[in-house]
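Visitor: pasting the structure only:
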């Protein structure tokens, strides 16, 4: 797996973590995930999306 594929894979995974966490926070329908964990995962997922987006942009230019 080359570097570009790894960055794309982690970008997608970070976005999925962020999306599921935000879904839990906004709808409160996934009661299996505690609210504190959802906030923590949302923040971490957001940082992951931003960081991997910057890395992908640097790699392409």
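Guide: That came through fine. Note that the coordinates shown come from a computational prediction; the quantities given were computed from them, not determined experimentally. Numbering: from 1, shown residues only.
Visitor: when you work out contacts or count neighbours from here on, use the C-alpha atoms and nothing else.
Guide: Fine.
Visitor: ok, now which ones touch residue 10?
Guide: By Cα atoms under 8 Å, 6 or more residues apart in numbering, the contact list for residue 10 reads 48, 52.
Visitor: distance of it from residue 1?
Guide: Remark: distance between residue 10 and residue 1 (Cα to Cα, to the nearest Å) = 12 Å.
Visitor: same check, this time on residue 17
Guide: Distance, residue 17 to residue 1, by Cα to Cα: 22 Å.
Visitor: for these two, indicate the residue with more neighbours.
Guide: Of the pair residue 17 and residue 1, residue 17 is the one with more neighbours under other Cα atoms under 10 Å, namely 21 against 5.
Visitor: the more buried one sits in which helix or strand?
Guide: Residue 17 is part of helix 3-27, with elements assigned from DSSP states H and E.
Visitor: and the next helix or strand past that helix?
Guide: helix 35-60.
Visitor: low-confidence stretches in the chain?
Guide: The chain contains no residues with pLDDT under 70.
Visitor: list the residues that contact the residue positioned nearest the centre of it.
Guide: What sits nearest the mean C-alpha location of the chain, by Cα atoms, centre = their mean, is residue 14, with 2.3 Å. For residue 14, the contacting residues are 44-46, 48-49, by Cα under 8 Å, 6+ apart.
Visitor: still on that earlier bit, how far does the helix holding residue 17 sit from its chain's centre?
Guide: The chain centre lies 3 Å from the centre of helix 3-27; the measure is Cα atoms, centre = their mean, to the nearest Å.
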